[in-house]
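sequence first, then the predicted structure:
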Amino acid sequence: MQEGDLTLRRAAEGDARALFDLRYLAYLGRYARVSDENDPCLQPFSLFKAQIEGGGHFALVLGKTLVGGAEIAALEDCVEIKELYVAPEAQGQGLGAGALRLTEMQFPSARYRVTLPGARDGGLFHRLGYRPEGEGEKKGERYCPTLWQKEKHRQSEIVLSALARENLPRVAAWISDLSEEELFAFTGGAVGRRMDAVQAAALYAGNLRGGPPRSLDFAIEVADLRAVIGVISLTNIEWDVKRCQVSRLFVQKAWRGVGIGRQAVAGLCELAIREYGFRGFSAILLEESQAALHCLSGAGFTAAYRSEGAFVAKDGSEKTRILLVRGGLPHAEA
């Protein structure tokens, strides 16, 4: 994980003493104004060493010189930056901002949060998109911590690239983890029962053996992170009349709810029109899939038909399937 000569790597046991001393000097002035019994300046070395052994601490290195550190926790709903510090003599050189960008590259997420003791302006966190979720409480000359959160990945642009063979195991693992209802919506009603990774890979493997494509499959990538975060396909292709179905849309959990799916659907339709001359698109999902419905609606799809009882859940309840269209598709029952 590098940005020029700056590296953020997981701290080793041998870094403990140097990081402990560096951290104390980095925090000494700021934490003297903060009302917090867990001030790093008050922490004993034994507890700090245990943090490093736990694996959540990182060392910030410029060239071969240790210049700072960070404590990072990847939680289910966000990435929490518990600490980020730079040696006093290295401050003012952009190393903190560089470390923050490197953190976001290693831990791609829809949301980041950080607690800043006594910080009312946010400093570099504000400059890099973090906004306060409340004000710190002043007690005399001291301030209690303030929670800052980053705006959801508005800066992340996605690109679609042809799904490569080396991506198949990863994609298959995603699909095999879907519930039956999710899989039914994922395949546009073509599959309604859970599958293992081998069966999931078979959805794509036929296309990679050559011959007329039965589908056009794409990986969803975040360009600036060079990370594959999802997949999307055109299926049920009618080459003669230039119609197809948008399906197999999957976005990793940490990237959901921030518009990535909508970008992917809109980008895929634009690509299909530009490169292949398609004129009409359809999509099928279960009525209760509100997030998917919002995603498709945002990309120009409108509901055409509803099919009652198209999917029967394990508990016997019947789910309604919806056909959505964009462009010149004829009206027909789903």
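Sure, I can see it. Numbering: from 1, shown residues only.

got phi/psi on G316?
The phi/psi pair for G316 (degrees, to the nearest 10) reads phi 90, psi -10.

now do E13
phi -60, psi -30.

OK, contacts around it?
The neighbours of E13, taking Cβ atoms under 8 Å, 6 or more residues apart in numbering as the test, are 49, 52-53. From N, CA and C alone the C-beta is placed, and that goes for glycine too.

repeat that for P40.
The contact partners of P40, by Cβ under 8 Å, 6+ apart, come to 23-24, 27, 31, 83, 85.

in PyMOL, how would I select just the buried ones from the contacts of E13?
The buried subset of those, as determined by 16 or more other Cβ atoms under 10 Å, is captured in PyMOL by this line:
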select buried, resi 49+52
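
need the helix or strand of this structure with the lowest average pLDDT.
Every helix and strand of the chain was ranked by mean pLDDT, DSSP states H and E. The lowest is strand 2-3, at a mean of 44.

contacts for the following helix or strand past that strand?
Next helix or strand after strand 2-3 toward the C-terminus (DSSP states H and E): strand 6-10. If you take Cβ under 8 Å, 6+ apart as the criterion, strand 6-10 is touched by 1, 55, 57-62, 70, 95, 98-99, 102-103, 106.

what is the nearest of those to R243?
Q106 (42.1 Å; Cβ to Cβ).

what about the closest one, distance to A11?
14 Å (Cβ to Cβ, to the nearest Å).

do you know the pLDDT at the residue nearest the centre of the chain?
With distances taken as Cα atoms, centre = their mean, the residue of the chain nearest its centroid is W255 (2.9 Å). In this model, W255 is scored at 75, pLDDT.

would you agree it is in contact with I229?
Yes: the criterion here is Cβ atoms under 8 Å, and W255 meets it with I229 at 4.9 Å.

filter the contacts of strand 6-10 down to the buried ones, ChimeraX style.
Buried subset of the contacts of strand 6-10, written as a ChimeraX selection, criterion 16+ other Cβ under 10 Å:
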select :57,58,59,60,61,62,70,95,98,99,102,103
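
among the contacts of strand 6-10, which are located in helices?
Among these, the members found in helices (DSSP state H) are 95, 98-99, 102-103, 106.

can you add distance to H126 and pLDDT and give those residues back as JSON lines?
Output for these, formatted as JSON lines (distance: Cβ to Cβ, whole Å; pLDDT from 0 to 100):
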{"residue": "L95", "distance to H126": "17", "pLDDT": "89"}
{"residue": "G98", "distance to H126": "16", "pLDDT": "88"}
{"residue": "A99", "distance to H126": "16", "pLDDT": "88"}
{"residue": "L102", "distance to H126": "18", "pLDDT": "84"}
{"residue": "T103", "distance to H126": "16", "pLDDT": "84"}
{"residue": "Q106", "distance to H126": "22", "pLDDT": "73"}
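
in CSV: those residues, plus distance to D240.
Putting the ones in helices among the contacts of strand 6-10 into CSV (distance: Cβ to Cβ, whole Å) gives the following:
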residue, distance to D240
L95, 59
G98, 54
A99, 55
L102, 50
T103, 51
Q106, 47
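
and which of the residues you listed is nearest to D77?
The closest of the ones in helices among the contacts of strand 6-10 to D77 turns out to be T103 (Cβ to Cβ; 16.8 Å).

what sits against that closest one?
By Cβ under 8 Å, 6+ apart, T103 lies in contact with 8, 58, 70, 72, 79, 81, 84.

quick check: G94 vs F107, distance?
Distance from G94 to F107, counting by Cβ to Cβ: 20 Å.

what do you get for L216?
Applying Cβ to Cβ, the value for L216 to F107 is 31 Å.

just the ones in helices among the contacts of strand 6-10 now: which is nearest E166?
When those are compared for distance to E166 (Cβ to Cβ), Q106 comes out closest, at 20.9 Å.

what residues are up against E288?
E288 neighbours (Cβ under 8 Å, 6+ apart): 319-320.

no more questions from me, cheers.
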